[in-house]
Each structure stands twice: as C-alpha cells, then as structure tokens.
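Chemist: just to be clear, the model below is a prediction. Sequence and coordinates:
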Amino acid sequence: MIKTVDHAGAEGLVHIENLVKRYGSFVALDHLNLDVKEGEIFGLLGPNGSGKTTAINCMLALLKYDKGMIRIFGQEMAPDNYLVKKDMGIVLQNVAVFDELTVYENIDYFCGLYVKNKIRRKEMVDEAIRFVGLEEHRKMRPRKLSGGLLRRLNIACGIAHRPKLIFMDEPTVAVDPQSRNRILEGIMELNRQGSTIIYTSHYMEEVEQICTRIAIMDHGRCIASGTKEQLTGMIKTGEKITIEGVALDEELLQKIRGLPHVFQADYKNGILRLQCTEAKHNLVRVLHCLEEQEIHFGRVFSEQPTLNDVFLHITGTQLRD
Ligand code: ADP
Ligand code: MG
C-alpha cells in the first residue's frame, strides 16, 4: 500500500502541473494541467496528434519531459518507482505482448511482475481471463487472435494485478463492435470495483458514455475540462432541431426565428434546422407554431449538444473529419 502524503487527497491521485514536452522544436505538450481524483473514469479526449499518448507516457515515466511536474499517489513518478508502479495498471496504445507465450502465460508474466505468490497469482490470472472473455483462448498464442481479442489480451495483462489506478490509451482503436462493448463495460466494471481509470480516446461517443470527467485536449493543451454536462453547458448551443419535409413561407420562418431560445434557423430544400440556447422544451414550441398554421411536416429530430459541439465551439474545427 502506498503511503500518500497529506495533500494528495486534495490534489487527486494524479496531479500534473504545467507539463511541457518537446520533440525537438515541436511542442507536443504545452503547459498541460490535470488533476484526476480517486474513483473517476477520467477521459482524455482529443483528435489524433493532440498529445494524449505523450501525456500518458510522461505520467508513466516512459518519456522524459522538459518542464513541469507529475505526482502520482502524491509521489513524484520515476521509472524505478516500483512502489507506485505496483498500484498502477498500464494498457498502452500499441499492443505489447509476447508472441512466444500463450494468452495465459502472457497475463501470468505481467501479473508476476507485481504478485509473487503463485496461488494468488493463478486466481488473478483466471479472473482477468474471465473478465476480458478469453476463456476459450487461454492456450492460444497472440498472433492467432483477431485484433479485438488481442486488445482484450493487452487489457488483461495490464489489469490482472488489480491496480488502484489504470491507464488505458485508446484501448478500442480498430476493434470490432462486440469487443468494443466488452471493453467499455469492462472499464466501467473495474471502476465499480474501485479502480480509478484514466482513459484516452478520440471517439467522442465512448468518452461521453463512460467517463465521469473529461479533459478535452488540442495541440498539447487542455482546452476545457469537466463533466459532460458542465462542458456542454459552457457553449451557447443547446438543443438542435431538424424538421424534414416542411413547406415554410418567409412569414412563418420569421415567426420561428422569433421563438424564445432560437438563435439560428436555416431553411433549405424543405428542411428546417434550428439551434437553440436551452437544451430542452424547444421542440414543443416549434411544433405548436407549425400546427397553428396547419403546416404538415415529415421526420423530426431533436439532438442534445455533444462534446464535438464543445470542441467545435472552442477550436473552430471538428473533433473528427
Ligand atoms: P495522440 O496520442 O493524441 O494522437 P501523440 O501524443 O501521439 O498524440 O502525438 C502528439 C504530437 O507529437 C503529434 O503531432 C505527433 O506527431 C508528435 N510526436 C509523437 N511522438 C513523437 C516522436 N517520438 N517524435 C516526434 N514527434 C512525435
Ligand atoms: Mg495516441
């Protein structure tokens, strides 16, 4: 058990202050600040190249950084700080397993770095295999596994020793939907069992689905952080409404533009698109307006703001192409 210094509770399990990392003259992390609290599934969300892996690798002391400070469990992280490392689980973006070992042997190897007792270790390895659903593949070698199963093995190797703090760098990239769901559910289960998780992804939906708090990264900086609700609450756009197959004249369009909370209304090819400032209750008003004039309409969509909208608002570009 790690003894944490007194202020660690207040500052969180992971504390990063003004972290700067350069590759040559290129600035990959530009004064990054983060604080991850115990019990969170903390999401680092950002487009490819925004510095997520660099940040993770600095936290793990796999990379040297140029400036700033990283404390984990209240201690300065260093490559040989095994006391800290034993309570950490690492699932790297690039799968790192041994080709000449079976699924079981791989997990046993990584678990064995931290757990010396063989009986206890066997229990943990079996549990990890069950956890990622590789029971039928325990004797297989990694190269025989599909991409999704290989990712699951990568995860099992990182979590078998039941770490308190788990780092996962894009664990769902290029996996089939079944493995992806299994992985996401597994992360939430690990969290329920008491692990704090730091999770990176460029998939907005995943981060929205599982993360309790999110830092949005762009060009090596944290541009916003908070819960999903806090982040979407920062921007003007609330509900987005689309009404298809509707015929409007200029007068009615002006009336809709004048409804409360509507700040943008585009009408083209029989499709009306509205952006409203509030997240709820706009649709009723708009439909009422159409009904009054006995205007027919086709399909109707109401969308809540997403983290992509937040990213777009702050950076002017889409999170994804
Ligand atoms: P992400 O994980 O968010 O996709 P990375 O941390 O991998 O981003 O990369 C951040 C930026 O740093 C990218 O522009 C990438 O090209 C650059 N980078 C990453 N690793 C190296 C390296 N070893 N040498 C030079 N540039 C690098
Ligand atoms: Mg990465």
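Modeler: Great, that's in hand. Ligands and ions are numbered 1, 2, ... in the order given.
Chemist: please count neighbours and contacts with C-alpha atoms only from this point.
Modeler: Noted.
Chemist: what about Thr53, neighbour count?
Modeler: Neighbourhood size, Thr53 [other CA atoms under 10 Å]: 20.
Chemist: wasn't it part of a helix?
Modeler: Yes. Assigned with DSSP: H, G, I helix; E, B strand; the rest coil, Thr53 falls within a helix.
Chemist: would you confirm that it contacts Phe167?
Modeler: No. Thr53 is beyond contact range of Phe167, at 10.5 Å (criterion: CA atoms under 8 Å).
Chemist: now stretch 20-33: mean pLDDT?
Modeler: Average pLDDT, stretch 20-33: 97.
Chemist: meant to ask about stretch 139-155
Modeler: 94.
Chemist: same question for stretch 164-176.
Modeler: On average, stretch 164-176 scores 92.
Chemist: ok, stretch 273-290 next?
Modeler: 89.
Chemist: now do Phe167 against ligand 1, distance only.
Modeler: 13 Å (CA to the nearest ligand atom, to the nearest Å).
Chemist: how about whichever residue of the stretch 151-300 of the chain sits closest to ligand 1, nearest residue that isn't a chain neighbour?
Modeler: Closest residue of the stretch 151-300 of the chain to ligand 1, CA to the nearest ligand atom: Gly220 (7.0 Å). In space, and not counting its chain neighbours, Gly220 is closest to Leu29: 4.0 Å by CA to CA, 6 or more residues apart in numbering.
Chemist: quick one: the one you found is in a helix?
Modeler: No. Per three-state DSSP, Leu29 lies outside any helix segment and is strand.
Chemist: please begin residue numbering at 9 from this point
Modeler: Fine by me, first position is 9 from now on; the one you just mentioned is Leu37.
Chemist: so what's the gap between the host helix or strand of His321 and the chain middle?
Modeler: For His321, the host element (DSSP states H and E) is helix 315-323. Centroid separation for helix 315-323 versus its chain: 15 Å, with CA atoms, centre = their mean, to the nearest Å.
Chemist: which parts of it are buried?
Modeler: Residues 315-319 are the ones in helix 315-323 that count as buried (16 or more other CA atoms under 10 Å).
Chemist: and that helix, average pLDDT?
Modeler: 91.
Chemist: which strands or helices does that helix pack on?
Modeler: helix 212-218, helix 236-241 (3 or more CA pairs under 8 Å, 6 or more residues apart in numbering; DSSP states H and E).
Chemist: need the contact partners of that helix.
Modeler: 212, 216, 224, 231, 236, 239-240, 242-243, 245, 325-327 (CA atoms under 8 Å, 6 or more residues apart in numbering).
Chemist: out of the residues you listed, which end up buried?
Modeler: Buried among those (16+ other CA under 10 Å): 212, 216, 224, 236, 239-240, 243, 245, 327.
Chemist: can I get the residues you listed in a markdown table including distance to ligand 1?
Modeler: Putting the buried ones among the contacts of helix 315-323 into a markdown table (distance: CA to the nearest ligand atom, whole Å) gives the following:
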| residue | distance to ligand 1 |
| --- | --- |
| Met212 | 13 |
| Glu216 | 17 |
| Ile224 | 11 |
| Lys236 | 20 |
| Leu239 | 20 |
| Thr240 | 21 |
| Ile243 | 23 |
| Thr245 | 26 |
| Leu327 | 12 |
